[in-house]
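Asker: please find the sequence and the predicted model below.
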There are 2 protein chains.
Amino acid sequence: MRNLNAEIIATGSELLWDGRPETNSIYLADRLIELGFEPIHKSVVGDEERWMAEAIRQAASRAAVVLITGGLGPTEDDLTKKVVSRITGRRLILQEKLLEPLRRRFVERAQAMPAQIERQALMPARSVVIQNPTGSAPGLILHWENSYLICLPGVPHEMRSMYEATVRPFLLQRFPSRPWNALHFFRTYGLMESAVNERLADLMIAHRQVRIGLSAKPTGVDVRIVGRGRNKEEVRILLEGLLRKVEERLADVLYTRGLDEMEAVVGRLLRERRMKLAVAESCTGGLIGHRLTQVPGSSDYLDRVEVCYSNRAKVDALGVPAELIEANGAVSAPVVAAMARGIRRRAGTDIGLAVTGIAGPGGATPEKPVGLVYFGLDDGRAVQTPFVRFSGDRAAIKLRASQHALDLLRRALSGTTPASPSR
Amino acid sequence: MRNLNAEIIATGSELLWDGRPETNSIYLADRLIELGFEPIHKSVVGDEERWMAEAIRQAASRAAVVLITGGLGPTEDDLTKKVVSRITGRRLILQEKLLEPLRRRFVERAQAMPAQIERQALMPARSVVIQNPTGSAPGLILHWENSYLICLPGVPHEMRSMYEATVRPFLLQRFPSRPWNALHFFRTYGLMESAVNERLADLMIAHRQVRIGLSAKPTGVDVRIVGRGRNKEEVRILLEGLLRKVEERLADVLYTRGLDEMEAVVGRLLRERRMKLAVAESCTGGLIGHRLTQVPGSSDYLDRVEVCYSNRAKVDALGVPAELIEANGAVSAPVVAAMARGIRRRAGTDIGLAVTGIAGPGGATPEKPVGLVYFGLDDGRAVQTPFVRFSGDRAAIKLRASQHALDLLRRALSGTTPASPSR
């Protein structure tokens, strides 16, 4: 099978200096994989002609497609077209038809167009222009030696819309006999990465045309499977048995096939069962409510969330008896049960979900260490009160506890057994 | 001034395929900048000998320091040392003293050590070993031609601790006459990026040795300033006037100098003023509570948060009169005022903060479009009820509204005037 190598070059000194991940290349790598290309190299290079020229020349020597983002604007630092022109020997030509829409943008704003804006209408000879419907800098595609050099702006939304509208159709047309990549996702909660790895280890080495990647997050372990073959049917056959095996082996911890977050899975279950939910949080501080309400339409099943940070709030707002807190401490099974019952009764919902714990770094005692969290789930028939000790810093403990609470709810709704604590 | 160029190479096919940003290089670029180096290029390269060799060779031809992460483990895919050995001509030698701790790890777990583990004790001739106190794969430093090749594992916490313990002191010692870089941050809320840019434009072009970078987020615009000079004193003098000007020009929108989040700034103000806070959220769904409780010790000033997603919850839990909601709608100035008053009274706190709005995509009416959000702040003397219409999707609207609410609180606490809505 022929490999179609692809490379991505992100240009811009700020990408090296600004302390943030460069995300355009993540988007483009995923799109290229979907089309059957194989990304072999990514670079981030500053606004310096010689380094840019070297990066582009080398990428073109290795890859059928080189996607270059950034450096198409009107300023001195915008060097991409100049560099492409120099290395390919295609001189820059002013394109009258590109100048017109640029002029119009300034007329609309009743401003004079600065002379340097004209640079955006310069294009290397024999290149295909990529229109930019949402911004001002057009892109270009140029065939040179054995590669297509494809230049797009660095502004993410412009880059994405231009990729979709022009680059994708272009690649589909120019590479009709591409290999086929299929991506599949499985998201799990309740096992450590090493345990997921152990369950899948034999599958990970058995197939040369399949990549199985694990990524461990505080919210669980995601499994990403990429199958590669000559065409869709070949990949379907290649993956058929494998995907079934992965699903079977992860069945007890799998919360979704695909990329949905846990809150979306839980939301779907609540909606299907026409059930209403109310939540009482303490150490998670509102994170469970925040996550549940990230899902559009969540007001259909979420009634309210009470974040009771003080003991007094637990008494007033949830009706937890003050004596219960005094006798057991706020982080205890009796208190979390009373919180779950209290919020369910006050809100009049089908389910009450409660969390109380110690997110740290303060607040711990010898019996109640940082990371200890109690969960309460009242479904009107019984109240479950499991507890877990989580590791990590404050932010990680909050996130893990929110995921555990949502998973507990998911299991209750789907009628499965509770998760075994993983950390 | 001599530039000390630095490059970073992240190895591992999964970094090209797994749809996530590579973060080791962000950490390392920041550390190198702090030491006075200039990062000029970053690469991500798959586990393929020839591409790795090319990337390392080219980086070494340009940079005084090349940091390479990943590929030091025991599997077939771990190629870094093999490649470094091949391009430098230094053969791999088994180091007995490295084998010992590897064997001990297996003895402790009462397991036999697989033969391939021995690979981790192979080192290119004439290289300095970097101990790995928290993992199994040691790193190395090797001087070749005019560069130091520095290999570290890809596991972030191992890489970081090895950088701090060994690489940083090594670089300090080998490059005694480094240039000096100083980093400064200013975080603003309330202006669009273009407006911040306009205020700083003349400063951005006036200084050749200063980079001023803006990054626009839903929570505001951050300004990052890097000053570069021969030594600390020179940079201090270079930046002195500039930093003062930046601070003055952004005074009305600046919420912190440094990297603190808004919730930390607000928390500090509440603590200093010994004031207690309670929050009533609706469309933000718990995000304000979540953010406030990310700060350690927030239980000292945060009493409770009520997320009233249903109208009934607003009536029951906050005492908002049902007639008020009927007459004005839940998203209105009278209702947000009643929410702020209600939460303050019920919780008995100094301040009540409330938010109600339409996060979308559903729930809009012609008079009340998606993104319309009312804010209520009751400090016991008066109730403010400003409103803003935010743009973006549901997640962006929630985030922007939470930032606006916290900024409103910050301004009230620090006695400044309310922010003008920026979007």
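Answerer: That came through fine. Numbers count the residues shown, from 1 in each chain, chains lettered A, B, ... in the order given.
Asker: before we move on, what SS does whatever residue of the stretch 51-200 of chain A ends up closest to chain B have?
Answerer: Distances between the stretch 51-200 of chain A and chain B by CB to the nearest CB are smallest at residue A:51, namely 5.8 Å. To be clear about C-beta, it is placed using only N, CA and C from the backbone, and glycine gets the same treatment. Put simply, residue A:51 is helix when judged by DSSP: H, G, I helix; E, B strand; the rest coil.
Asker: tally of neighbours for the residue nearest to it when sequence neighbours are not counted?
Answerer: Once flanking residues are discounted, residue A:51 sits nearest to residue A:45: 5.1 Å by CB to CB, 6 or more residues apart in numbering or on different chains. The burial count assigned to residue A:45 is 27, neighbours taken as other CB atoms under 10 Å in any protein chain shown.
Asker: partner residues bridging residue A:45?
Answerer: residue A:11, residue B:41 (DSSP bridges).
Asker: that one contacts residue A:9, correct?
Answerer: Yes - using CB atoms under 8 Å, residue A:45 is in contact with residue A:9, at 6.3 Å.
Asker: mind listing the shared neighbours of those two?
Answerer: A:52, A:55 (CB atoms under 8 Å, 6 or more residues apart in numbering or on different chains).
Asker: helix or strand: which one has residue A:133?
Answerer: Assessed by DSSP states H and E, residue A:133 sits outside every helix and strand.
Asker: now residue A:204
Answerer: Per DSSP H and E: residue A:204 is located in helix A:193-206.
Asker: which strand residues bridge the nearest residue to residue A:232 once chain neighbours are set aside?
Answerer: Leaving aside its chain neighbours, residue A:232 sits nearest to residue A:180 (5.1 Å; criterion: CB to CB, 6+ apart). Beta-bridge partners of residue A:180, counted by DSSP bridges, are residue A:229.
Asker: mind checking the SS state of the most centrally placed residue in chain A?
Answerer: Residue closest to the average C-alpha location in chain A (CA atoms, centre = their mean): residue A:259, at 8.2 Å. On the three-state scheme (three-state DSSP), residue A:259 is labelled coil.
Asker: could you measure from it over to residue B:255?
Answerer: 34 Å (CB to CB, to the nearest Å).
Asker: next one: residue A:331
Answerer: 33 Å.
Asker: more neighbours: which of these two?
Answerer: Under the criterion of other CB under 10 Å, the comparison of residue A:331 against residue B:255 puts residue B:255 first, with 25 against 22.
Asker: so what's residue A:97 up against?
Answerer: Residue A:97 neighbours (CB under 8 Å, 6+ apart): none.
Asker: how about the helices in the stretch 201-350 of chain A?
Answerer: A:232-249, A:262-272, A:287-292, A:311-318, A:322-328, A:333-347 (DSSP state H, counting those that start in this stretch).
Asker: angle of the first one against helix A:193-206?
Answerer: Read it as helix A:232-249. Orientation check (axes from the mean of the first three to the mean of the last three CA atoms, to 10 degrees): helix A:232-249 against helix A:193-206 gives 150 degrees.
Asker: mean confidence score for the longest helix along chain A?
Answerer: Across chain A, the longest stretch assigned as helix under DSSP state H is helix A:394-414. Averaging the model's pLDDT scores along helix A:394-414 yields 96.
Asker: buried residues of it, list them for me.
Answerer: A:394, A:396-413 (16 or more other CB atoms under 10 Å in any protein chain shown).
Asker: same check on stretch A:304-320?
Answerer: Here stretch A:304-320 shows A:304-311, A:313-318, A:320 as buried, counting by 16+ other CB under 10 Å.
Asker: quick one: low-confidence ranges for chain A?
Answerer: A:1-2, A:416-423 (pLDDT under 70).
Asker: ok, residue A:10 touching residue A:45?
Answerer: Yes - the criterion here is CB under 8 Å, and residue A:10 meets it with residue A:45 at 7.4 Å.
Asker: and chain B, is stretch A:354-364 touching that?
Answerer: Yes - with CB under 8 Å from any CB of the partner chain as the criterion, chain B is reached by stretch A:354-364 at A:359, A:360, A:361, A:362, A:363.
Asker: quick check, nearest of those residues to residue B:376?
Answerer: residue A:359 (27.8 Å; CB to CB).
Asker: just checking, the closest one touches residue A:394?
Answerer: Yes - contact criterion CB under 8 Å: residue A:359 and residue A:394 qualify, at 4.9 Å.
Asker: so which bits of the stretch 51-200 of chain A are right by chain B?
Answerer: Checking the stretch 51-200 of chain A against chain B by CB under 8 Å from any CB, the hits are A:51, A:54, A:55, A:58, A:62.
Asker: so which of these belong to helices?
Answerer: Judged by DSSP H, the subset of these located in helices is A:51, A:54, A:55, A:58, A:62.
Asker: which parts of the stretch 301-423 of chain A sit against chain B?
Answerer: A:302-310, A:312-313, A:316-317, A:346-348, A:359-363, A:394-395, A:398.
Asker: redo that, cut-off 7 Å
Answerer: Applying CB under 7 Å from any CB of the partner chain, we find that the stretch 301-423 of chain A lies next to chain B at A:302-310, A:313, A:316-317, A:346-347, A:361-362, A:394-395.
Asker: apart from its neighbours in sequence, what residue is nearest residue A:159?
Answerer: In space, residue A:159 is closest to residue A:152, 4.6 Å off (CB to CB, 6+ apart).
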